[in-house]
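Colleague: From the sequence below, what's the structure:
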Amino acid sequence: MPPDLRREIRTERLLLRPMTEADTLALVRIHADPETNRHNPRAPSEERSRELVADFLRHWEIHGFGYWTVAEAATGTVIGAGGVQTNDHEGEAVLNLYYRFAPRYWGQGFAPEMAAAAVGWAEREVPDRPVVVVTNVDNAQARRVAEKLGFLERKRGPYEGADAVYYRRR
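Modeller: Numbers count the residues shown, from 1 in each chain. Coordinates of the predicted model:
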């Protein structure tokens with residue numbers, strides 16, 4: 001029986017649920033916030049953020065999984081987005097680990113909690129695709145999360161106009 005890719009995942013403090021149109025406004029606010037784009041050389045406008053969320057929703061329609069809407073489990077408040085999506089790195093089909101949280105939720109361990117759940121899900125449900133992280137070389141927080149989860153630096157090079165570090169899980 002194929003896995004139920006659209007199910008919710010609960011962690012100690014988070015609810016990771018399939019992204020829906022109803023999440024668009026909250027996710028656009030998070031993605032368009034200049035503070036959440038400190039390490040992004042091309043911070044998205046509100047319009048571009050809407051396009052990003054629309055792309056995330058399309059990925060769900062096509063693949064049956066993608067970046068989840070991340071909510072506080074206790075309150076249901078949307079605090080960010082994250083998970084894995086299909087991508088192509090140098091001709092190889094991979095899963096890209098991504099997350100973006102509202103600034104007021106930074107520094108509370110939500111990123112590694114969500115990322116660990118996403119990596120565990122990916123390794124169980126889509127084991128034929130390695131999980132990768134690509135982040136700005138100056139994004140020390142994202143790099144710490146990747147290394148904490150057992151990702152190893154594979155290379156450095158440009159990515160969307162910035163110097164990036166490419167990590168790989170396995």
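Colleague: which residues of the protein fall in helices?
Modeller: Assigned by DSSP state H, the chain shows helices spanning 24-32, 46-63, 110-125, 140-148.
Colleague: what's the longest one in contact with?
Modeller: Residues lying outside helix 46-63 but in contact with it, judged by Cβ atoms under 8 Å, 6 or more residues apart in numbering, are 5-6, 18-21, 23-24, 27-28, 31-32, 44, 65-67, 81, 85-86. Where you see a C-beta, it was placed from the backbone N, CA and C, and this is true even at glycine.
Colleague: centre of the chain versus that helix, how much separation?
Modeller: 13 Å (Cα atoms, centre = their mean, to the nearest Å).
Colleague: relative to helix 24-32, how tilted is it?
Modeller: 120 degrees (axes from the mean of the first three to the mean of the last three Cα atoms, to 10 degrees).
Colleague: Distance to Val132 added to the helices of the chain, as JSON lines?
Modeller: Shown next, in JSON lines, are the helices of the chain (distance: least, Cβ to Cβ, whole Å):
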{"stretch": "helix 24-32", "distance to Val132": "21"}
{"stretch": "helix 46-63", "distance to Val132": "16"}
{"stretch": "helix 110-125", "distance to Val132": "10"}
{"stretch": "helix 140-148", "distance to Val132": "9"}
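Colleague: Nearest to Arg156 among those helices would be which one?
Modeller: helix 140-148 (11.2 Å; Cβ to Cβ).
Colleague: Now for the closest residue to Ala81 other than its chain neighbours: which residues touch it?
Modeller: Nearest residue to Ala81, sequence neighbours excluded (Cβ to Cβ, 6 or more residues apart in numbering): Tyr67, at 5.0 Å. Tyr67 is in contact with Met19, Phe56, His59, Ala81, Gly82, Gly83, Val84, Gln85, Tyr98, counting by Cβ under 8 Å, 6+ apart.
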